[in-house]
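Chemist: quick one, structure for this:
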Amino acid sequence: MLNITHNSIADRININSFSSYNKLPGYKASRVLVRIILFIMGIVMLFLFLPWTQNIRSKGYVTTLQPEQRPQTIHSVIAGRIEKWFVREGNFVNKGDTIVYISEIKSEYFDPELLSRTESQITAKEMSVRSYMEKIKSLDAQINALIKTQGLKMEQAVNYIRQAELKIASDSIDIEAARTNFTIAERQLNRTEVLYEDGLKSLTDLEEKKIKLQETQAKLISAENKLLSSRNELINAQVELTSIEAQYRDKLAKAEAEKYTALSGMYDSEAAVTKMQNEYMNYSIRSGFYYVTAPQDGYITKTIATGIGETIKEGEELVSIMPSSYQLAVEMYVNPVDLPLIRLGQEVRIMFDGWPAIVFSGWPNSSYGTFGGEVVAIDNFISQNGKYRLLLAHDPAEEEWPDGLRVGSGAVSMALLKDVPIWYEIWRKLNGFPPDYYWSEEQQKEEIKQKAPLKSVK
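Modeler: Have a look, this model is predicted:
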C-alpha cells in the first residue's frame, strides 16, 4: 500500500473499489503541513537571531535618596513623664512644632527655682574670685615694695661696707705713719742718749725725746685700736648685709606664700564657677527638653508611647515621622556573582507594585509600565541577606516616577547589560553561564575617575 516493496498488489486488488483509497493520490494536505512547519521553523530561526538585552532582575523596595529624608523616630533625650500631647497620628508638623510635653521625674531637678538659685551661687562664687584677685593685687604691691626696700637696704649696707673698708684703709695708713713716727722718735732718743753721755746734749733734750717717744707710742697704740675698730665696723656691716638679705628673703617668701595661697583659692573658685556655669547651662538646656519638637517638616505616622502620665526612659522612642519633602530611590539586592557586572550610572528599568506593567525582559524598550533609573550607590560590604545592596535613583533622561509612590512599597528592577542574540542567551542559560561582562571605554574611564581616592588638602 505504501509502495515500499517490489511485490505490488495493484494488479491483484481493484483499489478503485475503495473510495477512501481513491482520495489519497489527489490529497495535498501533507504538502501544506510541510510548508507550514518549514515556515514556522524559518520564523523561529530568524527569531533566534533577534537582539536580546541581558539583564539582572532583583526585588527591592522604595526608599529615599538622602538619609535625612527617610522615616525616623523621635526620641526623648531625658527621662520623664508624659504630661500633654499636641499632635495625633496623621498630623502635619513643621520643624520646631511641639509634639509632646514631659515633666521631670528625677529628684535633683524638682526645684522650680533651680536656675535662679544656681545663678545666685555662680554670682557668689564670682565675688569670691574677685576678692581673691584683689588680695593677689595687694600682695603683689607688698612684694614689689619689699623688693624695692630690700634693694635700698642692700645698697645702704653695701655703702656701709665700702665706708668700713675705706676707713680700714685710712686707719692702716695712719698706723703706718704712727709706726714710722715711733721708729723716728726711738732713733732720736737713742742718738740723744749717746750725745747726752758725750755731754753734747742736755738732760732737757733727753727728756723731751723720751716724752716724744711716749707720745708717738701712744699714737701708734691709738692707731692700732682705731684700725681694729674699723675692722669690727666692716664685720658688722657685712653681718648687717647678710641680716638684711635673710630678713627680706623671709618677708618675700611669706608674702609670696600668701600670694600663691590666694592664687590657689582663686583657681579653686574659678573652677567652681566654671563647674556651676556648666551645671547652669545643663539645667537650662535640660529644661528645653521638656518640650519634644519636630526635627523637620513631616507627617506623624505613629505614636509609639501613648497615654498621659506614662513614664519614659532616656532615649526611648516617642513617635515616628515621615519627612514631607523627599527624593525617592529604590533599594535592590543582587547576588555576589552579579555584582562585578554592576557599575555606577548603569541603566535600570523598574516596576513598582500597584502600577501594571507588561515586561519583555529582553526588549526593555518594548516594555510597558516600567520606569527608568540609574545606579547611584553600591555597597562595599555584603548585607545580612547574603546579597549586595544597590541604590537606584531616577534617571533624568526618563519620564518621572509615579506621584503616588510611597516609601516602603515593593519594586522589581532590571539592570540592563549587553545586547546579544536570542540563541546566544538560550545557550548561555542552558549552560548556566553568567551574563557577558561588557563595559565601554568611556564608562570605564568614568568608573576609574569615581573610584580614584581624593587628594588630601595640604
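
Chemist: so where's the protein uncertain?
Modeler: Counting by pLDDT under 70, the chain contains low-confidence ranges at 1-31, 47, 49-50, 52-55, 357-369, 416-422, 424-425, 428-429, 431-458.

Chemist: strands along that one, start to end?
Modeler: 51-64, 72-75, 80-85, 92-93, 98-103, 291-293, 298-303, 311-312, 317-323, 328-334, 347-352, 371-378, 388-394, 410-421 (DSSP state E).

Chemist: want to try JSON lines for these, with mean neighbour count as columns?
Modeler: (C-beta placed from N, C-alpha, C; glycine too.) Output for those, formatted as JSON lines (neighbours: other C-beta atoms under 10 Å):
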{"stretch": "strand 51-64", "mean neighbour count": "18"}
{"stretch": "strand 72-75", "mean neighbour count": "16"}
{"stretch": "strand 80-85", "mean neighbour count": "17"}
{"stretch": "strand 92-93", "mean neighbour count": "16"}
{"stretch": "strand 98-103", "mean neighbour count": "18"}
{"stretch": "strand 291-293", "mean neighbour count": "18"}
{"stretch": "strand 298-303", "mean neighbour count": "17"}
{"stretch": "strand 311-312", "mean neighbour count": "16"}
{"stretch": "strand 317-323", "mean neighbour count": "20"}
{"stretch": "strand 328-334", "mean neighbour count": "22"}
{"stretch": "strand 347-352", "mean neighbour count": "22"}
{"stretch": "strand 371-378", "mean neighbour count": "18"}
{"stretch": "strand 388-394", "mean neighbour count": "20"}
{"stretch": "strand 410-421", "mean neighbour count": "19"}
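
Chemist: in CSV: those strands, plus distance to residue 270.
Modeler: Output for the strands of the chain, formatted as CSV (distance: least, C-beta to C-beta, whole Å):
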stretch, distance to residue 270
strand 51-64, 49
strand 72-75, 36
strand 80-85, 34
strand 92-93, 44
strand 98-103, 35
strand 291-293, 34
strand 298-303, 45
strand 311-312, 38
strand 317-323, 40
strand 328-334, 53
strand 347-352, 63
strand 371-378, 51
strand 388-394, 53
strand 410-421, 62
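
Chemist: what distance separates the start and the end of stretch 320-331?
Modeler: Start to finish, the residues bounding stretch 320-331 are 21 Å apart (C-alpha to C-alpha, to the nearest Å).

Chemist: could you point out the longest helix in the protein?
Modeler: Ordering each helix of the chain by length in residues (DSSP state H) puts helix 203-288 first.

Chemist: what helices and strands are in contact with that one?
Modeler: Counting contacts by 3 or more C-beta pairs under 8 Å, 6 or more residues apart in numbering; DSSP states H and E, the secondary-structure elements packed against helix 203-288 are helix 114-197.

Chemist: next, work out how far apart the residue lying farthest from the centre of the chain and residue 406 are.
Modeler: Of all residues in the chain, residue 199 has its C-alpha farthest from the mean position, at 122.0 Å, by C-alpha atoms, centre = their mean. Using C-beta to C-beta, to the nearest Å, residue 199 is found at 160 Å from residue 406.

Chemist: just to revisit the earlier point, tell me which of the strands of the chain lies nearest to residue 35.
Modeler: strand 410-421 (26.4 Å; C-beta to C-beta).

Chemist: what number of residues lie near residue 225?
Modeler: By other C-beta atoms under 10 Å, 12 other residues sit near residue 225.

Chemist: for the stretch 351-458 of the chain, what spans make up the helices?
Modeler: Applying DSSP state H, counting those that start in this stretch to the stretch 351-458 of the chain gives helices spanning 422-431, 441-451.

Chemist: neighbours around the closest residue to residue 172 other than its chain neighbours, how many?
Modeler: With C-beta to C-beta, 6 or more residues apart in numbering as the criterion, residue 172 has its nearest non-adjacent residue at 6.1 Å, and that residue is residue 227. When neighbours are counted by other C-beta under 10 Å, residue 227 registers 21.

Chemist: got it, and residue 304?
Modeler: Neighbours of residue 304 using other C-beta under 10 Å come to 13.

Chemist: mind checking how far it is from residue 87?
Modeler: Here the distance between residue 304 and residue 87 works out to 13 Å (C-beta to C-beta).

Chemist: between the two, what contacts are shared?
Modeler: Residues touching both residue 304 and residue 87 (C-beta atoms under 8 Å, 6 or more residues apart in numbering): residue 319.

Chemist: specify the residue ranges that define each domain of the protein.
Modeler: 51-69+326-450, 72-104+290-322, 114-288 (automatic domain parsing).

Chemist: export those to CSV and append columns for distance to residue 33.
Modeler: Shown next, in CSV, are these (distance: least, C-beta to C-beta, whole Å):
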stretch, distance to residue 33
domain 51-69+326-450, 26
domain 72-104+290-322, 64
domain 114-288, 89
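
Chemist: between the ones you listed, which gets nearest to residue 39?
Modeler: Of all those, it is domain 51-69+326-450 that lies closest to residue 39, at 18.6 Å by C-beta to C-beta.

Chemist: what's the closest of the strands of the chain to residue 260?
Modeler: strand 80-85 (47.0 Å).

Chemist: strand partners of the closest one, parallel vs antiparallel please.
Modeler: According to DSSP bridges, strand 80-85 forms sheet pairs with strand 98-103 (antiparallel), strand 311-312 (antiparallel).

Chemist: angle of the longest one against strand 317-323?
Modeler: Between the axes of strand 98-103 and strand 317-323, defined by axes from the mean of the first three to the mean of the last three C-alpha atoms, to 10 degrees, the angle is 170 degrees.

Chemist: with just CA atoms, put strand 98-103 into PDB.
Modeler: What follows is strand 98-103 as a C-alpha-only set of coordinates in PDB (Å, rounded to 0.1, in the frame of the first residue of the first chain):
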ATOM      1  CA  THR A  98       5.800  70.800  69.800                       C
ATOM      2  CA  ILE A  99       4.800  67.200  69.700                       C
ATOM      3  CA  VAL A 100       4.600  66.300  73.400                       C
ATOM      4  CA  TYR A 101       5.400  67.800  76.800                       C
ATOM      5  CA  ILE A 102       7.100  65.800  79.500                       C
ATOM      6  CA  SER A 103       7.700  66.600  83.200                       C
END
